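Student: structure here, sequence nowhere to be found:
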């Protein structure tokens, strides 16, 4: 009987253990396919190449924007220096067209050209005496300076000089040439 008792006890232990191991089988989890080292390197190289291409495109875009800004700055500077104002015969009064140009010049000097100093050169046509034309050229330059100062440009940034009839733009001896020579010219120091 002892032998039966041991058999029953062994079965009582073995059967639940077998049932437990059979019922608790692990489920298979679908794993991502493993990449080979060559595939991993290829993915890394592609990511690096994409990042390098994006960075290169960004730098190129920034360079182009900087070049365009520099061109615009130089164009504004050239426009400032190459746009003269003109006067009527024997007058230093600022014409409406001259006032508009001076307003644009003041905007430039207060904005982009805020660090610039300028010289206003007063010029006359050849009619009149040398002394009279030097004085008239000075009055013309001073009129332009006063207008710019009234618009907020610091007077210490503006110098004036008169050339009288010494620097004609057009050396001809007719009204069209004289009209071109009655002017203020602007020089950036």
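Tutor: Received the coordinates, thanks. Source: prediction; values computed, not measured. Numbering: from 1, shown residues only.

Student: contacting residues for residue 77?
Tutor: By C-beta atoms under 8 Å, 6 or more residues apart in numbering, residue 77 lies in contact with 112-113, 188. Quick note: C-beta positions are derived from backbone N, CA and C, even for glycine.

Student: can you pull the buried residues of the helix or strand that contains residue 145?
Tutor: Using DSSP states H and E, residue 145 sits in helix 130-150. Residues of helix 130-150 classed as buried: 133-145, 147-148 (neighbour count, 16 or more other C-beta atoms under 10 Å).

Student: for stretch 55-71, same thing?
Tutor: Result for stretch 55-71 [16+ other C-beta under 10 Å]: no buried residues.

Student: one more: stretch 153-171?
Tutor: Buried residues in stretch 153-171 (16+ other C-beta under 10 Å): 153, 157-158, 160, 162-165, 168.

Student: narrow the residues you listed to those in helices?
Tutor: Residues of the buried residues of stretch 153-171 located in helices (DSSP state H): none.

Student: in this protein, which residue is closest to the centre?
Tutor: The centroid of the chain falls nearest to residue 69 when counting by C-alpha atoms, centre = their mean (4.0 Å).

Student: circling back: tell me which of the buried residues of helix 130-150 is nearest to residue 108?
Tutor: residue 148 (10.4 Å; C-beta to C-beta).

Student: list the residues that contact that closest one.
Tutor: Contacts of residue 148 (C-beta under 8 Å, 6+ apart): 102, 105-106, 109, 158.

Student: please apply the same query to residue 64.
Tutor: Residue 64 neighbours (C-beta under 8 Å, 6+ apart): none.

Student: please state the offset of stretch 142-156 from the chain centre?
Tutor: In terms of C-alpha atoms, centre = their mean, to the nearest Å, the centre of stretch 142-156 is found 28 Å from the chain centre.

Student: can you pull out the strands in this protein?
Tutor: 85-86, 118-123, 158-164, 183-188 (DSSP state E).

Student: name the residues that touch the last one?
Tutor: Read it as strand 183-188. By C-beta under 8 Å, 6+ apart, strand 183-188 touches 77, 80-81, 83-87, 98, 105, 113, 116-123, 140-141, 144, 167, 169.

Student: filter these to the buried ones?
Tutor: Applying 16+ other C-beta under 10 Å to those flags 80, 84-87, 98, 105, 113, 118, 120-123, 140-141, 144 as buried.

Student: and the two most separated of those?
Tutor: So for those, where distance means C-beta to C-beta, the most widely separated pair is 87 and 113, at 23.7 Å.

Student: so residue 158 makes contact with residue 116?
Tutor: No - applying C-beta atoms under 8 Å, one finds residue 158 not in contact with residue 116, separated by 10.1 Å.
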